[in-house]
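Enquirer: Quick check, what structure comes out for this input:
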Amino acid sequence: MQNPELTVLKLGPEDALVISIVVLFLGAFINRKVRFLSENYIPPAVTGGLICSLIVWAIRDLGNVEIQFDLRIRDLLLLVFFSTVGLSATLRTLISGGKALVILVVVAAVFLVVQDITGVLLASLFGAHPGYGLMGGSVSFAGGHGTAIAWGKEAVAAGLQGASEVGIAFATFGLIAGGLIGGPIGGRLIERYGLKPGDTGTDTTASKSNDAGATGKQGYDLYRVLMAILVLTVCVVLGRLVNRFLFNEGVLLPGFLTSMVVGIAIANLGDLLRLPPNRETFDNFGDVSLNIFLAMSLMSMKLWTLGDAATAIMLVLIVQVLVMTGFALYVVFRAMGRNYDAAVITAGFAGLGLGATPVAIANMNALTSRFGPSAKAFLIVPLVGAFFIDILNAITIKFFIAVISRWLI
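Expert: Predicted coordinates:
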């Protein structure tokens, strides 16, 4: 119940940006000091953002002052990040993944459906609107913070109060869970079946050399940075125009998806014209935008709104972790060939399905640094995480929204 004497302190977009950067430095410092956080690859934005949101909560309860952040810069950063994702997805790169990539994409599509069915069933069990089940399904877990916030805003507009906060909570706990179970799952498979690194049949030397050539000289280059800003601006602006056009045609999609599609089109046009993008520069923009975006999202969480739903959130998390574990062991590993590469891919998939692509890569790194390399895993898992999972997830979410709408009529 809100205190009638509560004072609202509104901070502008510039204030929110400054605080988010301080939050990132705080998270990085704490991660270096706390071994558990560094060993489980918890992002500094998550650590610092959660601490900041706890402080905001304490100020509200103890000082009767509610701090509200203007998050317009955060929303822009979301579009920038997904534009960089699209710019990394050339057709030539996608084709290089071969049959294994196609199989993993199909497996991911099946898992998204399983994850959403699980979420909707759990919501029904608690007597809640099935829309909350989607927030406790692929929206937040496979989708991560960006997707949770984007669709959470749509859910709130549709009348599901607190959907954004619940989605961010699921995404945060999923990030941690994905990093905790991926390594043990892959390690168990390797040890149980006596798997060892072999010839993956995937030559990544060419792609590495091409990337190096595309990157050109390292370090700061004014015109290279300006070109990246121009391309990203085009992605965001054209993405908005496409989004408005689709909205007028009755097709409702989150803005980040159309910006990503524009990025994909630009990347493939450049590839066709033999004008490769400077991946290093775009990756840097992506890292910065994602981390500040996450910091802003987490530090602005209204944790006090989650009090009544804490038990349900933890139960959904436990069930989704169990579903992921079973699916990884009995579906992903077998579908990918039951070999060493399959075990490493399975570990990455666990991080991808519950957290995000960086978690997937961290899981695979933990295994390969101990047992040996897996070029195939490091080729196809990031491709699925950077491109296909978001497209598949958007389609899956739209399908379930349509089903739920018919169900409730």
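
Enquirer: quick one: contacts for residue 299?
Expert: Residues counted as contacts of residue 299 (Cβ atoms under 8 Å, 6 or more residues apart in numbering) are 19, 20, 23, 48, 49, 52, 53, 56, 69. C-beta here means a position set from N, CA and C on the backbone, and glycine is covered the same way.

Enquirer: Quick check: the gap between the fifth one and residue 14.
Expert: Just to be clear, that refers to residue 49. The gap separating residue 49 from residue 14 is 18 Å, by Cβ to Cβ, to the nearest Å.

Enquirer: Between the two, which has more neighbouring residues?
Expert: Neighbours of residue 49 and residue 14, each counted by other Cβ atoms under 10 Å, are more numerous for residue 49; the result is 28 against 10.

Enquirer: Tell me which helix or strand that one sits in.
Expert: According to DSSP states H and E, residue 49 maps onto helix 44-63.

Enquirer: swap in residue 66?
Expert: Residue 66 is located in strand 65-69, with elements delineated by DSSP H and E.

Enquirer: roughly how far apart are residue 157 and residue 48?
Expert: Between residue 157 and residue 48 the computed distance is 29 Å (Cβ to Cβ).

Enquirer: Between these two, which has more neighbouring residues?
Expert: Neighbours per residue (other Cβ under 10 Å) separate residue 157 from residue 48, with residue 48 holding more: 28 against 9.

Enquirer: Pull the contacting residues for that one.
Expert: The neighbourhood of residue 48, defined by Cβ under 8 Å, 6+ apart, consists of 23, 24, 25, 26, 27, 28, 30, 295, 298, 299.

Enquirer: Residue 315: what's it in contact with?
Expert: With Cβ under 8 Å, 6+ apart as the criterion, the residues that contact residue 315 are residue 122.

Enquirer: In this protein, which residue is most central in space?
Expert: With distances taken as Cα atoms, centre = their mean, the residue of the chain nearest its centroid is residue 144 (3.5 Å).

Enquirer: wait, that one sits on residue 170?
Expert: No: under the criterion of Cβ atoms under 8 Å, residue 144 lies out of contact with residue 170, with a separation of 9.9 Å.

Enquirer: returning to that earlier point: let me have the contacts of residue 48 in TSV, extended by distance to residue 366, pLDDT and secondary structure.
Expert: Conversion of these to TSV gives the following (distance: Cβ to Cβ, whole Å; pLDDT from 0 to 100; DSSP: H, G, I helix; E, B strand; the rest coil):
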residue	distance to residue 366	pLDDT	secondary structure
23	26	94	helix
24	24	93	helix
25	26	95	helix
26	25	95	helix
27	21	91	helix
28	20	90	helix
30	21	94	helix
295	25	85	helix
298	24	78	helix
299	28	87	helix
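
Enquirer: are any of the residues you listed buried, and which?
Expert: Burial by neighbour count, judged by 16 or more other Cβ atoms under 10 Å, picks out 23, 24, 26, 27, 28, 30, 295, 298, 299 from the contacts of residue 48.

Enquirer: which is the next helix or strand following the lowest-mean-pLDDT helix or strand in the chain?
Expert: Ranked by mean pLDDT, DSSP states H and E, the helix or strand of the chain with the weakest confidence is helix 205-215, at a mean of 36. The helix or strand immediately downstream of helix 205-215 is helix 222-248, counting by DSSP H and E.

Enquirer: In terms of secondary structure, what does that following helix contact?
Expert: Packing partners of helix 222-248 (3 or more Cβ pairs under 8 Å, 6 or more residues apart in numbering; DSSP states H and E): helix 72-87, helix 255-272, helix 279-299.

Enquirer: Which positions in the helix or strand following the last one come out as buried?
Expert: Meaning helix 279-299. Once helix 279-299 ends, the next helix or strand along the chain (criterion: DSSP H and E) is helix 310-327. Within helix 310-327, the residues that count as buried by 16+ other Cβ under 10 Å are 312, 316, 317, 319, 320, 321, 323, 324, 325, 327.

Enquirer: give me every residue that touches the second one.
Expert: When contacts are counted by Cβ under 8 Å, 6+ apart, residue 316 touches 119, 122, 136, 170.

Enquirer: ok, those vs residue 183, which is closest?
Expert: Within those, proximity to residue 183 (Cβ to Cβ) peaks at residue 170, which comes in at 21.4 Å.
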